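[1] Dropping a prediction and its sequence here:
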Amino acid sequence: MTKELDFESIRPYQDHEIQQVFERLKKETSFIELLGFLYPELPPQKFLNNMMQIKSIRQFQQEVISPYVKEVIKNTTKGVTSEGLENLHPDQAYLYISNHRDIILDPAILNIILFEQGFDTTEIAIGDNLLIYPWITDLVKLNKTFIVKRNLPVRQMMENSTLLSKYIRHTITNVGHSIWIAQREGRSKDGNDRTQLSLLKMLNISGKKDAVAENFKELKIVPVSISYEYDPCDYLKALEFLHKRDNPDYTKTAADDLKHMGTGLRGRKGRVHFAFGRPICGNEFDKIKNVQNKNEKFEYLARLIDEHVHENYKLWPGNLIAWDMLNPGNEYREKYTPQEKETFLNYIDEHLNRIDEGDKEFLRRTLYEMYANPVANKRELLGKSVLG
């Protein structure tokens, strides 16, 4: 039996710990400054007084996290829609594996959707590279977040992968809590959503040796497709590609991560759609039993998850317009209006104008590719005739 103590370094907080955490948070100057930014209509001291009355993680999510996320949705989107939850059971625990666009909002909106449809909220995987201050760690662990440690030496990375794998399997199969994790380390900056083999290898570590199919059946994987009409961080991602082109050793700073978080929260997103796939069933996993090479087993599983994500991804007019801007023939011109094309191209110009640095043609093409790659993936899977 796995002991809870094994997971002390990565697990979320529990109900009995929250008052101690609140005592720490109310002494953090930068946290109090953040409150003024997040809740401008509410004096920070009043917020802190209200916070000290909270007795459970569920109450914290309902009274603190949920109202703010709903306000972000109201002010920065044209609505959030979802599909597929009718194929899932609220009393079962799943491993939601999704494509990933926004550092904060992807799992936050997913949890809003789940809660409003009668499901419990998920635990959330987050990389420790985003935990710039100790109070950020406190805050996210109050929101059912567990920590994925990055950039460790090889030996420590293996030990941590084993711990993480055991935690995920234990949480789903023994505790009965669902988990959300992205299909790759970090966000897909180019819109080309692909599952990393390293993620699947990590998940398999805690299973039985030479029983890959059974190990993944046990996790009850649900692929989730997240489709934003506009990505408010797209120009920052394009700029990062430019920096890496010109300097292969370029890495983002902590300040860059904070800027991405703030831009993702405040920027306009247009329409947002979450598609929950059917749980990947036994028959799909059973096919890998005949695959002898273990790495090929993981490659098969990665393609399987990708197919679900690509099939359920909702394409917006901008995706099709971007494809037509990169390819001859205006293939999808019947799928969008002249007004929609003008709106999208104006949006691209507006975001390009936020970048002072040069090579605007590289940046423009990079932005088009971000929006066109979901079309390319869907074409590869389903063929061009079914798009739009």
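    Yep, that arrived.
[2] quick one: residue 114 from residue 203, how far?
    With distances taken as C-beta to C-beta, to the nearest Å, residue 114 is found 21 Å from residue 203. C-beta: built from backbone N, CA, C; applies to glycine.
[3] now swap in residue 291 and tell me
    Taking C-beta to C-beta, one finds residue 291 at 17 Å from residue 203.
[4] Which of the two has more residues huddled nearby?
    Neighbours per residue, other C-beta atoms under 10 Å: of residue 291 and residue 203, the larger number sits with residue 203, 24 against 16.
[5] Find the centremost residue of the protein, please.
    residue 100 (3.6 Å; C-alpha atoms, centre = their mean).
[6] Check whether that one sits in a helix, strand or coil.
    The three-state assignment at residue 100 reads coil, by DSSP: H, G, I helix; E, B strand; the rest coil.
[7] Which neighbouring residues are in contact with it, exactly?
    Contact partners of residue 100, counting by C-beta atoms under 8 Å, 6 or more residues apart in numbering, are 106, 182, 183, 184, 186, 187, 188, 226.
[8] Those residues in helices, which ones?
    residue 106 (DSSP state H).
[9] What's the separation between the closest residue to the residue nearest to the centre of the chain other than its chain neighbours and residue 220?
    Nearest residue to residue 100, sequence neighbours excluded (C-beta to C-beta, 6 or more residues apart in numbering): residue 182, at 3.7 Å. Distance, residue 182 to residue 220, using C-beta to C-beta: 18 Å.
[10] who's more crowded, these two?
    Between residue 182 and residue 220, residue 182 has the larger neighbour count (other C-beta under 10 Å), namely 27 against 19.
[11] From the contact counts, what lies against the helix or strand bottoming out on mean pLDDT in the chain?
    Here the helix or strand of the chain ranked lowest by mean pLDDT, DSSP states H and E is helix 282-286, holding a mean of 79. Applying 3 or more C-beta pairs under 8 Å, 6 or more residues apart in numbering; DSSP states H and E, we find helix 282-286 packed against helix 212-219.
[12] what about 10 Å?
    On a contact count with 3 or more C-beta pairs under 10 Å, 6 or more residues apart in numbering; DSSP states H and E, helix 282-286 meets helix 212-219, helix 294-312.
[13] Helix 294-312 and the longest helix anywhere in the chain, what's the angle between them?
    The longest helix of the chain (DSSP H) is helix 360-382. Orientation check (axes from the mean of the first three to the mean of the last three C-alpha atoms, to 10 degrees): helix 360-382 against helix 294-312 gives 100 degrees.
[14] Remind me what helix 360-382 packs against, helices and strands.
    Helices and strands touching helix 360-382, as assessed by 3+ C-beta pairs under 10 Å, 6+ apart, comprise strand 221-228, helix 234-246, helix 294-312, helix 317-326, helix 338-352.
[15] Residue 173 is nearest to which of these?
    The minimum distance between residue 173 and the helices and strands packed on helix 360-382 falls on strand 221-228, with 12.9 Å, by C-beta to C-beta.
[16] angle of the closest one against helix 234-246?
    Using the same axes, to 10 degrees: strand 221-228 against helix 234-246 is 100 degrees.
[17] What pairs with strand 221-228, parallel or antiparallel?
    Strand pairing for strand 221-228, using DSSP bridges, gives strand 95-98 (parallel), strand 270-276 (antiparallel).
[18] Now tabulate those in TSV and tack on mean neighbour count.
    Below are the strands paired with strand 221-228 laid out as TSV (neighbours: other C-beta atoms under 10 Å):
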stretch	mean neighbour count
strand 95-98	24
strand 270-276	21
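[19] Switch those over to a markdown table; also include mean pLDDT and distance to residue 194.
    Converted to a markdown table, the strands paired with strand 221-228 look like this (pLDDT from 0 to 100; distance: least, C-beta to C-beta, whole Å):
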| stretch | mean pLDDT | distance to residue 194 |
| --- | --- | --- |
| strand 95-98 | 97 | 12 |
| strand 270-276 | 98 | 17 |
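[20] of all these, which lies closest to residue 345?
    Residue 345 lies closest, by C-beta to C-beta, to one member of these: strand 270-276, at 14.4 Å.
[21] now that closest one and helix 338-352, what's the angle there?
    Taking the same axes, to 10 degrees, one finds that strand 270-276 is oriented at 100 degrees with respect to helix 338-352.
[22] roughly how far is the longest helix of the chain from the heart of the chain?
    Using C-alpha atoms, centre = their mean, to the nearest Å, the mean C-alpha position of helix 360-382 is found 19 Å from that of the whole chain.
[23] Likewise for stretch 281-294?
    Its chain's C-alpha centre and that of stretch 281-294 lie 27 Å apart, by C-alpha atoms, centre = their mean.
[24] and if you look at stretch 55-68?
    Worked out by C-alpha atoms, centre = their mean, stretch 55-68 lies 20 Å from the chain centre.
[25] Run through who's touching it.
    For stretch 55-68, the external contacting residues (C-beta atoms under 10 Å, 6 or more residues apart in numbering) are 12-19, 21-22, 38-39, 47, 50-51, 53-54, 69, 108, 111-112, 115-116, 120-121, 139, 141-144, 265.
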